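Asks: Next come a sequence and a model predicted from it.
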Amino acid sequence: GFSGLIAVQQCSHYQHCASGILTGAPLACGPGTTFDENIQNCNFSYSVWCNGEPPAGVPLCPTGYSGWMGVDECTGYRYCTSGVVSTPHYDCPSGYLFDDSVSACNHAQLVTCQISGTHAPTAGPAPTDPPTRLPTKAPVSTSSPTRLPTKAPSPAAPDSCPSGFSGLIAVQQCSHYQHCASGILTGAPLACGPGTTFDENIQNCNFSYSVWCN
């Protein structure tokens, strides 16, 4: 009976379920992103566990830990949010290693490197770049364009589906999106992230300054 979005094709795409039935064609996440069922949107691939498996080649954070941790024998570092890697890899400068005790790169001779994931590093300030959520990439479909939902004329009434249309539409002043199945709204509205608005042209959330709402 589930209604919402699920990951398909090794989480590189997503598809809508309406009362337990798959509807519409799979839609692709953008380059470097993977569909994250927890946030119901595409996310940086290094932050997404697909089908219960951690992202390949990405170090694991200590369970539940939020803060910086050293990786790759402390030559670099990443940020963890609630036990999930939430930044790309950052390198320390030449001659420096990441020092968990100060949550920063330090002179290599002053650092005793600990193996990533076997300790609880000292929490540091949360990073401001990049964000943990990437709902702004336009989905790039690898399938024939005819599989994507056809852009239908604007609905006659607010937050309603055009007749016979299947796909995603903007609702609640484009701050949310919702699925149409054969012209009927299904499931609950899903919110776009901060600073983004639903863009019906790309069938995904986009930077608000790029979206003409309604």
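Replies: Ah, there it is.
Asks: And E73, how close does it get to V211?
Replies: E73 is 44 Å from V211, where distance means C-beta to C-beta, to the nearest Å. (Glycine included, C-beta is placed from N, CA and C.)
Asks: Now stretch 30-48: buried residues?
Replies: 30, 33-37, 39-48 (16 or more other C-beta atoms under 10 Å).
Asks: chain center to that stretch, what's the gap?
Replies: Distance of stretch 30-48 from the chain centroid (C-alpha atoms, centre = their mean, to the nearest Å) equals 3 Å.
Asks: Start and end of it, how far apart?
Replies: End-to-end distance of stretch 30-48 (C-alpha to C-alpha, to the nearest Å): 14 Å.
Asks: circling back to that earlier point, more neighbours: which of E73 and V211?
Replies: Under the criterion of other C-beta atoms under 10 Å, the comparison of E73 against V211 puts V211 first, with 18 against 11.
Asks: Now the residue most central in space within the chain: closest residue in space, sequence neighbours ignored.
Replies: Centroid check for the chain by C-alpha atoms, centre = their mean gives N43 as the closest residue, at 1.5 Å. Of all residues not flanking N43 in the chain, D36 sits nearest, at 3.8 Å (C-beta to C-beta, 6 or more residues apart in numbering).
Asks: who's in contact with the one you found?
Replies: D36 sits next to A7, C11, C42, N43, S47, V48 when contact means C-beta atoms under 8 Å, 6 or more residues apart in numbering.
Asks: Is it bridged to anything, and to what?
Replies: N41 (DSSP bridges).
Asks: I'd like to know how far it sits from T112.
Replies: If you go by C-beta to C-beta, the gap between D36 and T112 works out to 35 Å.
Asks: cool, and G95?
Replies: To T112, G95 is 16 Å away according to C-beta to C-beta.
Asks: And for F2?
Replies: As judged by C-beta to C-beta, F2 and T112 stand 49 Å apart.
Asks: Kindly report the same for V58.
Replies: 24 Å.
Asks: These two: which has the busier surroundings?
Replies: V58 (19 against 9).
Asks: Would you confirm that the more buried one contacts V85?
Replies: Yes. Counting by C-beta atoms under 8 Å, V58 does reach V85; the two are 5.4 Å apart.
Asks: any common contacting residues for the two?
Replies: Y46.
Asks: so where's this protein uncertain?
Replies: Low-confidence segments of the chain (pLDDT under 70): 115-158.
Asks: Helix or strand for the nearest residue to T196 once chain neighbours are set aside, just tell me which one.
Replies: Excluding its sequence neighbours, the residue lying closest to T196 (C-beta to C-beta, 6+ apart) is C205, at 4.2 Å. Using DSSP states H and E, C205 sits in strand 204-207.
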